[in-house]
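Enquirer: the following comprises the amino acid sequence and a computationally predicted model.
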Amino acid sequence: MHMRTRLLAAAVAIAPAFVPPAQAAGTLTVAQSQDPNNWDPIATFLIAWGSVASNMFDGLVLRDEALNLKPGLATSWEVLDQGMRLRFKLRQGVTFHNGEPFNAEAVKFTMARLLGPEGAKGPQQSNYTSIGSVDVIDPYTVDIVLKRPDPVMLTKLAGYGAMMVPPKYITEKGSAEFGIHPVGTGPFKVTDYQNKVSLTLAPNPAHWDGAPKLDKVIYRFIVEPNTQVAELQSGGVDIASNVPVALASTIANAPTLSLISITGPTVTVLRFNTTHGPTMDARVRKAMIMAVDRDTIVKQILQGHAKPVTSFQSTLSFGFDPAQKPVPFDPVAAKKLLAEVKLPANTTVSLDFPSNDTTFREVAQAVAGYLTAVGLKAKITPHEMNVFTNDIIPNGKTGEMFRMGWGGWTFDYDNTAYLMYHSGEHWNPYDKDPALDAMLEGQRKIVDRGEREKALQAIAHFVADNALELPLYNMNTIYGVNKRVKGLVAPPDNRWRLTGVTVD
């Protein structure tokens, strides 16, 4: 066991224990690291929202634990007009938690709201702008008509922004009220919400997919990962959803606990500033990639709870190319390439990252060490999270490298690649390449699934050939679970559906 692991394990063991009330039969308590503050589907892009709200809302289509699309509020669908029209047959007899009927008019309202002024206030609208109209055919048949090709639309309709919402409730109560007292059609309904403290769910016995087996679900918002683990050990929670790598073995070795470590939705890379400084030169970028031993970072710092990546996507992503090879760790070749560039002695390269990511701080320190070893003067620069994401990155204020983690909830490379590399996109302050833009736009027009997959793979190779980023790893999602919890299936997208879960 690493010294860091022993120290953290000891700290957790001696932490003042939260003494919970006796767990009620049928009550599941989950430690959630982040309160989204707004439960409106159009107002968020947070994985933390999906982890909770996937139990409160349904979409026309859903995804199973293997990420396959399956019927949701639509029992079936047809793809018409060369993919430009999607026709859905809706499930009959479904009501929202407040008793409102679900029907084609509810679909039209939901999508109009998402695509209108209200949706423009949030981050979800941009995922659905290929929709031109929503046509009601009859009370239980609806067409979604596209104004441009979007081969990912069916998957997006299983995403956050397309969760169905109640027209009458929102019209009468308003979006602000809906955001803190949400109403959906999902297997659970909200009974209590205390901002940044807890959210309580009760089962929806009339749910179309069967009544949940739990009597109650309580989400406790606990920011600190170490505190989550302490609460899990003491019995204050049944599930810790944010387990630090250093404490994974502590949970795995506990007789009453289980450790779940699975491929997660988040891939981490270091993107380059390609418009000024030493990293304008592709040879410098390639040398920096060769200088970093990513396998060792995964094995030693992340203790195997991650996988090295060759592009900004996981092995589960549509567009992943298993034949693509990573740039090898080769400090000798890196030094030689840097010598060809003839950089000034002690050229400084800065790595910017969010300060709240303590695990990545260790990774950043290791990267800086590798870069220093090939003759660069590397420094790490932490930033407060909101400043980093809302100012530093989109306004192009980073140093030579900046940490980027992306969830890509569609598990389709388009959702990452277009947002990261297309000219003018919010998350792309530097790269403007007409050839890459054409590739990104072109793959969206391809209807044939196999051909589009090849087009996405070509984009990943183009990015690697031009050294636009230093691929690091796909981090596992690590959960700690009390063994009294039965029937829990952890999906790769972190969108739990707790319908079949029980507790002893």
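Expert: It's in. All values derive from a computational prediction rather than experimental measurement. Numbering: from 1, shown residues only.
Enquirer: ok, and the closest non-adjacent residue to Pro212?
Expert: Pro203 (4.0 Å; C-beta to C-beta, 6 or more residues apart in numbering). (Each C-beta comes from the backbone N, C-alpha and C, glycine too.)
Enquirer: Tyr479 contacts Ala248, correct?
Expert: No: counting by C-beta atoms under 8 Å, Tyr479 sits too far from Ala248 to count as a contact (9.9 Å).
Enquirer: which SSE is immediately downstream of the worst-scoring helix or strand of the chain on mean pLDDT?
Expert: Least confident helix or strand, the chain: helix 3-14 with a mean of 39, by mean pLDDT, DSSP states H and E. Taking DSSP states H and E as the definition, the helix or strand that follows helix 3-14 towards the C-terminus is strand 27-32.
Enquirer: pretty sure Ser76 is in a helix, no?
Expert: No: when DSSP: H, G, I helix; E, B strand; the rest coil is applied, Ser76 is found to be strand, with no helix at that position.
Enquirer: contact partners for Arg85?
Expert: 79, 143-146 (C-beta atoms under 8 Å, 6 or more residues apart in numbering).
Enquirer: name the nearest residue to the residue nearest to the spatial centre of the chain, ignoring sequence neighbours.
Expert: Nearest to the centroid of the C-alpha atoms of the chain, with distances taken as C-alpha atoms, centre = their mean, sits Gly407, at 2.8 Å. Counting by C-beta to C-beta, 6+ apart, the nearest residue to Gly407 once its immediate chain neighbours are dropped is Pro265, at 4.4 Å.
Enquirer: same deal with Lys196?
Expert: What sits nearest to Lys196 in space, not counting adjacent residues and going by C-beta to C-beta, 6+ apart, is Asp35, at 4.9 Å.
Enquirer: helices of the stretch 351-500 of the chain, start to end?
Expert: Listed from the start of the chain, the stretch 351-500 of the chain has helices (DSSP state H, counting those that start in this stretch) covering 358-373, 385-387, 413-421, 434-443, 449-465.
Enquirer: which other residues reach the longest one?
Expert: This points to helix 449-465. Contacts to helix 449-465, defined as C-beta under 8 Å, 6+ apart, come from residues 151, 310-313, 318-321, 324, 327, 412-414, 417, 421, 435-436, 439-440, 442-443, 446, 469, 471.
Enquirer: can you check the second one too?
Expert: The contact list for helix 385-387, computed with C-beta under 8 Å, 6+ apart, reads 354-356.
Enquirer: lowest-confidence entry in the residues you listed?
Expert: Here the lowest pLDDT out of the contacts of helix 385-387 sits on Asn356, with 78.
Enquirer: in stretch 321-333, what counts as buried?
Expert: With burial defined by 16 or more other C-beta atoms under 10 Å, the residues of stretch 321-333 counted as buried are 321, 327, 329-331, 333.
Enquirer: tell me which two of those sit farthest apart.
Expert: In those, the most distant members under the criterion C-beta to C-beta are Asp321 and Pro331, with 26.4 Å between them.
Enquirer: low-scoring stretches of the stretch 351-500 of the chain, by residue?
Expert: Counting by pLDDT under 70, the stretch 351-500 of the chain contains low-confidence residues at 408.
Enquirer: among the contacts of helix 385-387, who's most crowded?
Expert: Neighbour tally across these (other C-beta atoms under 10 Å): the maximum, 20 neighbours, falls on Pro354.
Enquirer: measure the residue nearest to Ile301 when sequence neighbours are not counted to Leu157 for me?
Expert: Nearest non-adjacent residue to Ile301, counting by C-beta to C-beta, 6+ apart: Glu362, 5.1 Å away. Separation of Glu362 from Leu157 (C-beta to C-beta, to the nearest Å): 39 Å.
Enquirer: these two: which is more packed in?
Expert: Between Glu362 and Leu157, counting by other C-beta under 10 Å, Leu157 is the more crowded of the two (25 against 17).
Enquirer: OK, contacts around the more buried one?
Expert: If you count contacts by C-beta under 8 Å, 6+ apart, Leu157 has them with 59-61, 86, 144.
Enquirer: start and end of stretch 352-365, how far apart?
Expert: Start and end residues of stretch 352-365 are separated by 11 Å (C-alpha to C-alpha, to the nearest Å).
Enquirer: got it, and stretch 247-267?
Expert: Using C-alpha to C-alpha, the end-to-end distance of stretch 247-267 comes to 21 Å.
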